[in-house]
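Asker: Give me a model of this one.
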Amino acid sequence: MFRTTIGIATCLLTSVATASGTDQATWPIDVSTSGQDIYWQSPDSLRADGETYVSTFTIQSVSVNVSYLGIGFGPIDVTGEIDPADLVQSGEADGPCPVNFGTASVIE
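Answerer: So this is what the prediction gives:
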């Protein structure tokens, strides 16, 4: 069994609307997976009529639990094995909502 825990510290989504300036929200999340894709949707709403939306996430830690010959090891922190450039990712999408920031692969 191979299990990965990814702690995504902050998901920042900003909408910029011409008439009223900027709306911004930040959500801390904690995600666990056994290798499946991770999907996330903000728990709160943002302004739906923004011209531009920016999403940024920062991965704070990645740990794994490994089972070898029935013996479990972990969690083992493997954050240092990830290229620091992959720990922070950002995307921008034109509004209005709904917007999709596509997919990002941390390790392929």
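
Asker: can you give me the strands for this structure?
Answerer: Secondary structure of the chain (DSSP state E): strands located at 2-17, 21-33, 52-68, 71-77, 88-94.

Asker: For residue 43, which of those strands is the nearest?
Answerer: With respect to residue 43, and counting by Cβ to Cβ, the nearest of these is strand 21-33 at 6.4 Å. (C-beta placed from N, C-alpha, C; glycine too.)

Asker: Distance of residue 89 relative to residue 83?
Answerer: Taking Cβ to Cβ, to the nearest Å as the measure, residue 89 falls 11 Å from residue 83.

Asker: circling back: export the strands of the chain to CSV and tack on distance to residue 43?
Answerer: Output for the strands of the chain, formatted as CSV (distance: least, Cβ to Cβ, whole Å):
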stretch, distance to residue 43
strand 2-17, 10
strand 21-33, 6
strand 52-68, 14
strand 71-77, 26
strand 88-94, 19
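
Asker: I'd like those as a markdown table, with mean neighbour count and mean pLDDT appended.
Answerer: Below are those laid out as a markdown table (neighbours: other Cβ atoms under 10 Å; pLDDT from 0 to 100):
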| stretch | mean neighbour count | mean pLDDT |
| --- | --- | --- |
| strand 2-17 | 17 | 46 |
| strand 21-33 | 13 | 75 |
| strand 52-68 | 16 | 85 |
| strand 71-77 | 12 | 91 |
| strand 88-94 | 13 | 85 |
